[in-house]
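In: what follows is a predicted structure for the sequence shown.
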Amino acid sequence: MLQTLADGLLIGGIYAVIALGLTLIFGVMRVINMAHGEFVMIGMFVSYLLFSKLGVDPFVSILITVPACFVIGFFLYRLFVEKALRASEENTLLLTAGTSIFIANLMALPAFIGPKFLRLSSENLYWANKVWYVGGISLNAAMAAGFLVTGVIIFVLHLLLMKTDTGFAIRASAQDPTAATIMGVNVPFISGITFGLGAAFAGVAGNILSANYPIYAAIGTLFVVKAFVIVVLGGMGSIPGAAVGGLILGVTESFGSAYVPHGTGFRDVFGLVIFLLVLLFRPQGLFGKGH
Amino acid sequence: MKKKLFTVISIAAISSLIVAGCGGKEVTSSSNSNATVNGGTIKIGAVLPLTGGSAVFGEKFKQAYSLALEEINAKGGVKGKKLEIVYEDSQEKPAVGKTAAEKLVSNKDILILIGGRSSGVTLQEAAVAEENKVPYLIEHGSSDLATIGDKKYVFRLNPTSGMYTETLRKMFKENPPKSIAYVNVDNAFGEAAYQYGLKGYFEESKVPVTIEKYKAGELDLKPVMEKVKAQNPEVVIMTAGDDNDATQLIKAAKEANLSPKYFIGTGAGHSIIGFAKQAGALSNTVLTAGPWHGNKKDPKWQEFNKKFTEKFAHEPGEHEVEGYAAIYVIADTLSRTKNLDREGVREALAQTDMDTIFGHIKFEKFGSYSNQNKAITDVSQWIDGKLYTVYPTQYAEKQIVPFKGWK
């Protein structure tokens, strides 16, 4: 029981950090970033490169992934998404969907990941198949460390949003872009920053995951669907919603797999059932504000 | 506003599923531009995953085919004509594979189909071949359904998923395990491995069995292994379509501290070098029941192994041996074909009776199968990153070592 809860929380923490990036972007720009999963993949790939070439631990390479994903996200927004924003919301949706396909295929070229599976080779990696035992519960070490990192990141994001001028500007842009512009906030720039931040979150998740999972060009789609479910579950644009939603999804999947007979084959179903229930009874999401 | 956003997000969710479903990768590696009837070549159509997560497997077959083609064409081809392969991408998705196969059969110059790779795509390619009366030689796709029933155009040189465990079942009959947990993948391959292979054994042997399923590509398999551990089985059998799943399974087993006497895979993901590479030390002593990888003592096999390794800088495994053998079967067929058309090729293919590096190939009707080669299967074991045959005893390279538990 406790074991199942722990397993669910660990995977849920990763879901949360991915969804956090997505919800941040949505909250400020009302843009649904379909290419979000690709940023997870980029994070995994950066982590792989740094580990295989220089022996950098995946948790240390977060320091590289964050600026890398931030810059890619920032320019993706300023050069492309911003232009599509002038038209309808569907256009940005198609643009980011196209970006997702483009990035995944670009990475499938031999110069990058290529058409193969990569893994952080296990001999020199501290985290390789490492299990920590805490009070009789077995925890995947990398995922447990990742959970702590996730906690720190959420705390830092909270400080950033609440205590800094940039955070204030981000919140203002989210609430009312026009009013923010009148008050002197450079909304397009702030939006770019937010997009970059969102991408960086996905990148961090990629780093954490790279210690345990295969890395391949098309892996992004695996995460983006879960992230959408969480964002809607928690309330679109809500940061606590994404954090709590991620944990709920992880725990629900874990308990469903463990306690429903033959539930392991229907893991995704449990999350989607919760998703439907929330849509039925609280369509604005758990932390959404409603009309 | 909010309502509109909900519409948008639903579209997003749906289209993300579509993107997930079609991967959006439309690259074909070979064009049909020179499809004008060319007296100099005989065309073979191949459906393979060339993009997406499984492209790595498509690449293995492309390498194996190209080596065989090179050798055959260097010797003057068949009947003075050179062999040529036209590729279409399946992305390892059955629906895309169906379209790819349809595109190939619409090219009248193509006399025979190969490829398929996954069970799901192979079944689609087989259906298209049968419907359009084009001979199709399966060399890897293993879902039993492809050669069950009265198939006229579909032939298979590799064993079926059900047959994979034939040797394992024999081994169990000699030494019955006390209890079994079976962890199976939720796709066409897993279904066939159970339905046509292990199910019959489980029912008649009366050994207590628990079965758990998981979704291919699932990130977190620990709950599966926790459930298995609660049963404390003597033997854990696992079916995985690719080396990623095989690796995630054994990692999860370690995390759950599951320690049976034997971990046994059923070919596919557990039989390829990618498993040993990805799982590293965790692969040690894992057994796998699947197609025999050819007689490694045979000089022809050794020559192939040497040539392949020199050319592509990695050792050939199950995929490569099958792909290479398949091209030789086709060359042999074409050399015996009287009328060089699809019907003529089918008739000659049915008469195949030859030795390859994958063993003897003869398409037979037995049990509920038709046009199925009685391919040899074995049980082999991963020891320090290498796969050794351990059963049946006449082919055994080493003795079986039980799993020693996690340190």
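Out: Now that the structure is in, tell me what you want to look at.

In: name the nearest residue to the closest residue to chain B within the stretch 51-200 of chain A, ignoring sequence neighbours.
Out: Relative to chain B, the nearest point of the stretch 51-200 of chain A is A:P115 (3.0 Å; Cβ to the nearest Cβ). Bear in mind the C-beta positions are built from the backbone N, C-alpha and C, glycine included. Closest residue to A:P115 apart from its sequence neighbours, by Cβ to Cβ, 6 or more residues apart in numbering or on different chains: B:A55 at 3.0 Å.

In: quick one: that neighbour and A:R86, what's the gap?
Out: Using Cβ to Cβ, to the nearest Å, we find B:A55 at a distance of 37 Å from A:R86.

In: so for those two, which sits in the more crowded spot?
Out: B:A55 (26 against 8; other Cβ atoms under 10 Å in any protein chain shown).

In: for chain A, which segments count as strands?
Out: Taking DSSP state E, the strands of chain A run over residues A:131-134, A:137-140.

In: touching chain B at all, the longest helix seen in chain A?
Out: In chain A, with assignment by DSSP state H, the single longest helix is helix A:2-29. Yes - counting by Cβ under 8 Å from any Cβ of the partner chain, contacts between helix A:2-29 and chain B involve A:Q3, A:T4, A:D7, A:I11.

In: show the subsequent helix or strand relative to the helix or strand of chain B with the lowest mean pLDDT.
Out: Least confident helix or strand, chain B: helix B:2-22 with a mean of 51, by mean pLDDT, DSSP states H and E. The first helix or strand that comes after helix B:2-22 along the chain, using DSSP states H and E, is strand B:41-48.

In: what's that next one in contact with?
Out: B:57-58, B:61-62, B:65, B:77-78, B:81-90, B:97, B:100-101, B:104-105, B:107, B:109-117, B:121, B:125, B:134, B:327, B:330, B:334, B:340 (Cβ atoms under 8 Å, 6 or more residues apart in numbering or on different chains).

In: just how off-centre is that strand within its chain?
Out: From the chain centre to the centre of strand B:41-48 is a distance of 19 Å (Cα atoms, centre = their mean, to the nearest Å).

In: what about the first helix or strand past that strand going along the chain, average pLDDT?
Out: Using DSSP H and E, the helix or strand that follows strand B:41-48 towards the C-terminus is helix B:55-74. Averaging pLDDT along helix B:55-74 gives 94.

In: with stretch A:55-67 instead?
Out: 94.

In: list the contacts of the nearest residue to B:E102 once chain neighbours are set aside.
Out: Of all residues not flanking B:E102 in the chain, B:V128 sits nearest, at 5.6 Å (Cβ to Cβ, 6+ apart). Residues near B:V128 by Cβ under 8 Å, 6+ apart: B:K98, B:A101, B:E102, B:V105, B:V134.

In: rerun at 10 Å
Out: Contacts for B:V128 (Cβ atoms under 10 Å, 6 or more residues apart in numbering or on different chains) come out as B:47, B:97-105, B:113, B:134, B:136, B:153.

In: same check on B:S370?
Out: Shown in contact with B:S370 (Cβ under 10 Å, 6+ apart): B:T147, B:I148, B:G149, B:D150, B:K151, B:K152, B:V154, B:F155, B:R156, B:A350, B:F363, B:E364.

In: narrow those residues to those that are buried.
Out: Among the contacts of B:S370, those classed as buried by neighbour count (16 or more other Cβ atoms under 10 Å in any protein chain shown) are B:T147, B:I148, B:K151, B:V154, B:F155, B:R156, B:F363.

In: just those now: which is nearest B:H270?
Out: Nearest to B:H270 out of the buried ones among the contacts of B:S370 is B:R156 (Cβ to Cβ; 20.6 Å).

In: need the contact list for the closest one.
Out: B:116, B:122, B:126, B:136-142, B:144, B:146-147, B:163, B:326, B:361, B:363, B:369-373, B:375.

In: now the residue nearest to it when sequence neighbours are not counted: phi and psi?
Out: Closest residue to B:R156 apart from its sequence neighbours, by Cβ to Cβ, 6+ apart: B:I138 at 4.0 Å. Per-residue torsions, B:I138: phi -80, psi 130 (degrees, to the nearest 10).

In: next one: B:T377
Out: The phi/psi pair for B:T377 (degrees, to the nearest 10) is phi -120, psi 160.

In: mind checking how far it is from chain A?
Out: Distance of B:T377 to chain A, given as Cβ to the nearest Cβ, to the nearest Å: 26 Å.

In: just confirm that residue contacts B:T165, I think it does.
Out: Yes - contact criterion Cβ atoms under 10 Å: B:T377 and B:T165 qualify, at 7.6 Å.

In: related to what we said a few turns ago, list the contacts of the residue nearest to A:P115.
Out: Contacts for B:A55 (Cβ under 10 Å, 6+ apart) come out as A:108, A:114-117, A:216-218, B:25, B:27, B:48-49, B:62, B:89, B:91-92.

In: switch to 8 Å and redo it
Out: Taking Cβ under 8 Å, 6+ apart, we find B:A55 in contact with A:A108, A:P115, A:K116, B:P49.

In: any idea which of those residues is least confident?
Out: Across the contacts of B:A55, the smallest pLDDT goes to A:P115, namely 74.

In: next, count neighbours for that one.
Out: Applying other Cβ under 10 Å, I find that A:P115 has 21 neighbouring residues.
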